Each structure stands twice: as structure tokens, then as C-alpha cells.
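Colleague: Return atomic coordinates for the entry below.
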Amino acid sequence: MKKIGILGSTGSIGTQALDIIKYNNNFEVSYLSAYSNIELLVKQTKYFKPKAICIVDKTKTALLSQQLSTLDVEIFSGEEGLKELSCRDNIDLMLNALVGYSGMIHTFLAAEKGINIALANKESLVVAGKIITDKIKHTKSKLLPVDSEHSAIWQCLEGEDIHQVNKLILTGSGGPFRTMDITKFKNITKNEALRHPNWSMGSKITIDSATMMNKGLEVIEACWLFDIAIKNIDIVVHPQSIIHSMVEFIDGSIKAQLGKPTMNIPIHYALNYPKRVVNNTSTFDFLNSPDLTFEKPDLNKFKCIKLAYQAFKSGDSYPIVLNVANDLCVAAFLNDKIKFIDIASYIEDALEAHNSCNINNIDAIFDTIQNTQNYIKNKIGNN
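Modeller: Next up, the predicted model:
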């Protein structure tokens, strides 16, 4: 029986993970957490009966306790409660399905305790890649990627020598604005940006897909996950989202991982690793599939990709600025405070205004986060 804790159990990744666990007798849910979705957290707690839960929104704590008064479950609240769960080492796997850079500290805390981590929070490695990977090496815990692209690369690299890899090829759908003329970007609405052609995801990652910042963040995450130079990572636009990513080897061979555009498969693989277990999701039908096409990403339309490469090459604290500025700008766009085209523009401004600092501990990361938050909030407030 594999004991699993899930941070972000009411979000897109968390709910899909629990759907998988529901039909598999090999798992026991040890803890769950939600930001504020008390209704769903209560349902999940009653069904899976975890030993502990956390609601980050402290105003919901009393109501949560009241609704679960008949169950024997520890109830935590706030960021401190979330940290308490992250540090619990009496589990086999922690799924970090939190959204945004705030999920980083929980990956770090779990790594510090030697806990194996199924990582859906790509921002963890964008913000603290070196510190987390150094900690992983020291404690000998494992990072199991959940993003479909990184899961694809991981599966392609199984049994291979990383030194025989020529490059990694991350695929991306191109989002809803792949074919839109750049002159129309100034009029993009929130509803249009949230209408992804292939994937059903949370609002934040859906906007990241629309700006293609998700590909930029994934490139940085891949550098840390697979210990490969950024110059050896390419992005290819693949509108059908059937090939989830590829690995090219030094002899010219290319391995690709294919499947339906569903997160069920990479989540299923990470939860069950190192075994492959029967998955009840429907299989891909090659004979009735669309033609597979490939394009070069337009870096003029999707400036966020270029900014991500630049931030990583600049090193030190720049990827933190990139990630934090993006999270805040996406939130501002979703709250109708800025336009779609402002997202990339404000991120670029934040990077240009930043004075690099050496990131050698968690405190230095939080200092950079705070400075970037102040810059973006002032930027949005003054426009």
C-alpha cells in the first residue's frame, strides 16, 4: 500500500489524481490540502478519510471543523499548516499540485525530509532549481515529474545514458492564439485566453499556455530535472498535442512519447512508478487521429518564451523574477487589471529593472520574491 499526500487536492491535478486513486486499491491517502474550496475538501475527506487536512484560507477553518466533527482527522490551516504537512515523512509520495511560485517552499521542505515528490508545480524548480536539486542529491529523495512534457521526456530517458542525449524537444500546442495575427493581440479578452483548444486545465496554466510562458517555464524546469544545458533544449509547436515531447540522441535516433492530450496518463505514471499499472482511460486511435504537424514557435508573438531563455541564461535571481512577475501579471489579467499584451511587457520590465543577486539559500529567494512583488504591484497600480 503506497501512502500518498496531496497538496492542492481540489485543483485540476489534485482531483484527477484522486480519481485515479479511487479506482486503485494500492493507495492510501495520508493528507489533503485546499486553498479555499471547503465544499470539495469536505467531500474528499469523507471519501478518502486522510489522517490530516489543511485549508489555507484560515477564515474557513471553523466551518471545516464543524462539517468534519464526526471524523477522526487532524485539521490544519494557513501556510504554516501546509508546511506541517509538507514535512511529514511517514508517506511514500507527496504530490505537489499547488499553483504558482508559492508551492516552491513545500517542494523544498519535502526534499529536505527525504520524501519522494511527484512534482506538478513546475515553479518550484524555476524559482529554486539549484537549491532543491542539491537537497534532493543530499537526501536521496526522488523528483517524479507530472507535467505531460517532462513525464514524456522522463519516459523516453528510462534506460538511457543522459550523456548520449543530443537534445530534448518540448512540444506545445501553441495555445488559442497560434494562428492569430499579432496586431490583434491588443484586443484579446479573458474568455478568449481561457479557451484552450486541446487541454482542460486550471485558469492560471491556461493563460500561461495562451502566452506560451508555460513552454519557457518548462524549458527551465527541464534543465534542472534532467541536468541538461538550456542550449540543448528546443521547443516545437505541435497543434494536435499528441506527441508530448521527444528526446534526440547523438546517433540521430529520436524517441517520442505519444498519447491523448489528457493529464490522466502522466499523473497515473508518476503515482504508480516504478511500475506500469493498467489505466482505464481510453487508448489513442492512430487510424482515426488527425495529421501530426509541427511549427517553429513565433517569438515575436510569444515573447514570454524568449524572456524565459534570457532569464535562465542570465542566471542567479533572474528566473525568480521571471516566475513571480508572470504569476502576478496573470492574476492581474484574470482580475481585469491589465491587458493580455501587458503580461509579457511587464515581465520584461521587471527583468530589466532587476539587479542580480546570488541565490545560495531560501532567504535570498524570498528576498527576490518580495522585491519582485513590490515592483509588479507598483507597476500595475501606476497604470
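Colleague: Off-centre distance for stretch 157-167?
Modeller: Stretch 157-167 has its C-alpha centroid displaced from the chain centroid by 23 Å (CA atoms, centre = their mean, to the nearest Å).
Colleague: Buried residues, that stretch. List them.
Modeller: Buried positions in stretch 157-167, judged by neighbour count with 16 or more other CB atoms under 10 Å: L157, V165, K167. (Glycine included, C-beta is placed from N, CA and C.)
Colleague: And the contacts of it?
Modeller: F226, D227, I228, N232, I233, D234, V247, E248, F249, I250, D251, K255 (CB atoms under 8 Å, 6 or more residues apart in numbering).
Colleague: End to end on it, go ahead and measure it.
Modeller: Across its full length, stretch 157-167 reaches 11 Å between end residues, using CA to CA, to the nearest Å.
Colleague: just stretch 68-82 next, same as before
Modeller: Note: stretch 68-82 ends 18 Å apart using CA to CA.
Colleague: Quick one: distance of that stretch to the chain centre.
Modeller: So, by CA atoms, centre = their mean, the centroid of stretch 68-82 is 25 Å from its chain's centroid.
Colleague: Now that stretch: average pLDDT?
Modeller: Averaging pLDDT along stretch 68-82 yields 96.
Colleague: Now do the buried residues in that stretch.
Modeller: In stretch 68-82, counting by 16+ other CB under 10 Å, buried: L68, V73, I75, F76, S77, G81, L82.
Colleague: re the thing from before, widest-spaced pair of the contacts of stretch 157-167?
Modeller: The most widely separated members of the contacts of stretch 157-167 are D227 and D251, with 20.4 Å between them, by CB to CB.
Colleague: quick one: average confidence on stretch 311-325?
Modeller: Stretch 311-325 comes out at a mean pLDDT of 96.
Colleague: what's next to that stretch, contact-wise?
Modeller: Contacts of stretch 311-325 (CB under 8 Å, 6+ apart): 101, 123, 126-127, 129, 216-217, 219-220, 223, 230, 307-308, 310, 346-347, 350-351, 354, 356-359, 364-365, 368-369, 372-373, 375-376.
Colleague: In helices, which of the residues you listed appear?
Modeller: Under the assignment DSSP state H, the contacts of stretch 311-325 contribute 123, 126-127, 129, 216-217, 219-220, 223, 307-308, 310, 346-347, 350-351, 364-365, 368-369, 372-373, 375-376 to helices.
Colleague: ok so, going back, what subset of the contacts of stretch 311-325 is buried?
Modeller: 101, 123, 126-127, 129, 216-217, 219-220, 223, 307-308, 346-347, 350-351, 354, 359, 364-365, 368-369, 372, 375-376.
Colleague: For A256, see how far away P197 is.
Modeller: Computed as CB to CB, to the nearest Å, the P197 to A256 distance reads 21 Å.
Colleague: what about the two, which has more around it?
Modeller: A256 (18 against 14; other CB atoms under 10 Å).
Colleague: tell me which element the more buried one is part of?
Modeller: For A256, the element it lies in under DSSP states H and E is strand 254-258.
Colleague: got it, and Y31?
Modeller: strand 27-34.
Colleague: May I have the strands that pair with that strand, each with its orientation?
Modeller: strand 2-7 (parallel), strand 52-55 (parallel) (DSSP bridges).
Colleague: Contacts made by the shortest one with the rest, please.
Modeller: Spelled out, that is strand 52-55. 30-36, 38, 41, 45, 61, 64, 68, 73-77, 81-82, 84-85, 88.
Colleague: and if we set it to 7 Å?
Modeller: Residues from elsewhere that reach strand 52-55 (CB atoms under 7 Å, 6 or more residues apart in numbering): 31-34, 38, 41, 45, 61, 64, 73-77, 81-82, 85.
Colleague: Then stretch 58-66?
Modeller: S36, I38, V42, I55, I75, S77, G78.
Colleague: give me that answer again for 10 Å
Modeller: Stretch 58-66 has contacts (CB atoms under 10 Å, 6 or more residues apart in numbering) with 34-39, 41-42, 45, 53-55, 57, 67, 73, 75-81.
Colleague: Would you list the buried entries among the contacts of stretch 157-167?
Modeller: F226, I228, I233, V247, E248, F249, K255.
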